[in-house]
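Q: coords below, sequence missing:
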């Protein structure tokens, strides 16, 4: 699998991804899933990808090529993020049109998803999720994060700690925790973790990192989190069993 | 869906379940998924069920009937938990043998799982997971919890806070948090939460509860947890971006 997430807050954006790809448990490898297509000073565009690696790599290559050969329509020429999302969707459709029948007849999963977030000069920061089918949805202040891949393990922590008014550096820590929790619970998600934190209106990527498994900060974060979680569980008031004992007996009886 | 979990520790057992059943988002209802088949003083047997409701209800009914008509083989006559797990597996196989072809031809999911845990006089407490296929696995000190249904959201908290030497009352709080986190992130899991906490060698269920959505303890637990999680995220040391800036530039470049 893979796990990537994007968070948009009123002070910026975070995009983060693990690096594990697997075709069965006996064929696990490391691929970067986070890509920077920024044009510093004019636009910041960060991608994350999940799903069928041959398709996502082909989409990313095609996006790069359109920039290189200066196609009329490319990531650096499109005036809005909405159009960028549509353009990435149409690339995905084109490539799937070619490959899907061949994958489908051997029962190979061809699904893929992208997150694309950033800011174009004169516009607000935006964050989109592009589906296999080429359609897309946008993150909003009410739902300020989007996830792709192995999303379930890392969702509760985001649901409880990330809001549109969360400072972007706190959102970055929540993103690392969300991926690290997923890595601990599911072997199809693995290090290194790549992350970009983008500060609104800066139009340049100033903060990025790659955390390998034995990174000292990741170790410290994991330890702090584990201690805090255990402390939190213990600090929860004990259950008042007497209170619940009243009139409960009969509910559980099988007679 | 549904979410149930069982935890075995050296001081006892916890079994817990949500109560939501859904056949599509427009047909959501409440069913108890936790059942007590204990014979106080001689044996404690607690069940949780997930999956196709018609199958799990049929299995539970059949188990009750075998006790009632005093079949030679029933939950109260079998001498070990291993044999109980095999017996529940064979009931599941019998019922699926009848119903599966009819469900399968309309594409209806017939999968179901059970957790069964407890203690028989003279034996150690045990906890089993029984699969749709009738086979089963047992929880061990290295892997002291088992989950069925919508398991992913609630796994990270168990992975970080539950061990074989966790006091059983702390494990009970972790179980509620695991289900509550799942309820917050996924609407196919819903209240009330039913929970049994069993103390080793007591051979009687002394601690059980049912937490509806507006239960005051559940509200307090949820609030305490949310505050603690947010505090934990904030208490994590800030990222030292300078440290990661060295030699990273080129990795992200698309040129």
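A: All right, it came through fine. These figures come from a predicted structure and were not determined experimentally. Numbers count the residues shown, from 1 in each chain, chains lettered A, B, ... in the order given.

Q: Below-threshold pLDDT in the stretch 151-255 of chain A: ranges please.
A: In the predicted model of the stretch 151-255 of chain A, residues A:246-255 satisfy pLDDT under 70.

Q: which residues of it fall in helices?
A: For the stretch 151-255 of chain A, the helices defined by DSSP state H, counting those that start in this stretch cover A:155-161, A:168-185, A:216-235, A:241-245, A:249-252.

Q: need these in TSV with distance to chain B and mean neighbour count, can you?
A: (C-beta placed from N, C-alpha, C; glycine too.) Below are the helices of the stretch 151-255 of chain A laid out as TSV (distance: least, Cβ to the nearest Cβ, whole Å; neighbours: other Cβ atoms under 10 Å in any protein chain shown):
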stretch	distance to chain B	mean neighbour count
helix A:155-161	4	23
helix A:168-185	4	24
helix A:216-235	3	17
helix A:241-245	4	13
helix A:249-252	4	12
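
Q: so which of the ones you listed comes closest to residue A:82?
A: Residue A:82 sits nearest to helix A:168-185 of all these, at 22.3 Å, using Cβ to Cβ.

Q: Off-centre distance for that closest one?
A: Counting by Cα atoms, centre = their mean, to the nearest Å, helix A:168-185 is centred 10 Å from the centre of its parent chain.

Q: Just give the nearest non-adjacent residue to residue A:42, would you?
A: In space, and not counting its chain neighbours, residue A:42 is closest to residue A:121: 5.4 Å by Cβ to Cβ, 6 or more residues apart in numbering or on different chains.

Q: go on, residue A:165?
A: In space, and not counting its chain neighbours, residue A:165 is closest to residue A:10: 5.9 Å by Cβ to Cβ, 6+ apart.

Q: those strands in chain A, which residues are they?
A: Secondary structure of chain A (DSSP state E): strands at A:3-9, A:12-17, A:20-22, A:28-30, A:34-36, A:43-51, A:112-120, A:126-130, A:136-138, A:145-149, A:193-199, A:207-211.

Q: Mind putting those strands into TSV with distance to chain B and mean neighbour count?
A: As requested, the strands of chain A are arranged in TSV below (distance: least, Cβ to the nearest Cβ, whole Å; neighbours: other Cβ under 10 Å):
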stretch	distance to chain B	mean neighbour count
strand A:3-9	11	28
strand A:12-17	11	28
strand A:20-22	16	20
strand A:28-30	13	12
strand A:34-36	4	22
strand A:43-51	9	25
strand A:112-120	13	26
strand A:126-130	17	23
strand A:136-138	18	17
strand A:145-149	11	24
strand A:193-199	8	24
strand A:207-211	4	21
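
Q: since we're on the residue lying closest to residue A:108 once chain neighbours are set aside, how many residues are nearby?
A: Distances taken as Cβ to Cβ, 6+ apart put residue A:52 closest to residue A:108, at 7.5 Å, once the chain neighbours are dropped. If you count neighbours by other Cβ atoms under 10 Å in any protein chain shown, residue A:52 ends up with 21.

Q: you'd agree the residue nearest to residue A:42 is up against residue A:201?
A: No. Applying Cβ atoms under 8 Å as the test, residue A:121 and residue A:201 come out as separate, 9.2 Å apart.

Q: about what we covered before: wait, which of the helices of the stretch 151-255 of chain A is closest to residue B:91?
A: helix A:249-252 (20.5 Å).

Q: got the contact list for the residue nearest to residue A:108?
A: Each residue near residue A:52 by Cβ atoms under 8 Å, 6 or more residues apart in numbering or on different chains is listed here: A:103, A:108-112.

Q: Of those residues, which is the most crowded?
A: With neighbours taken as other Cβ under 10 Å, the top of the contacts of residue A:52 is residue A:112, carrying 25 neighbours.

Q: right, and that one touches residue A:55 too?
A: Yes. Counting by Cβ under 8 Å, residue A:112 does reach residue A:55; the two are 4.6 Å apart.

Q: Now for these two: what residues contact both?
A: With Cβ under 8 Å, 6+ apart as the test, residue A:112 and residue A:55 both reach residue A:92.

Q: Please tell me how far the residue nearest in space to the middle of chain A sits from residue A:245.
A: Residue closest to the average C-alpha location in chain A (Cα atoms, centre = their mean): residue A:5, at 1.6 Å. Distance, residue A:5 to residue A:245, using Cβ to Cβ, to the nearest Å: 43 Å.

Q: Next: residue A:156.
A: For residue A:156 relative to residue A:245 (Cβ to Cβ), the value is 30 Å.

Q: In this structure residue A:80 contacts residue A:120, no?
A: Yes. With contacts counted by Cβ under 8 Å, residue A:80 reaches residue A:120, the gap being 6.7 Å.

Q: Would you mark the buried spots in the biggest helix by length in chain A?
A: If you go by DSSP state H, chain A has its longest helix at helix A:81-104. Neighbour counts over helix A:81-104 (16 or more other Cβ atoms under 10 Å in any protein chain shown) mark A:81, A:84-89, A:91-92, A:95-96, A:99-100, A:103 as buried.
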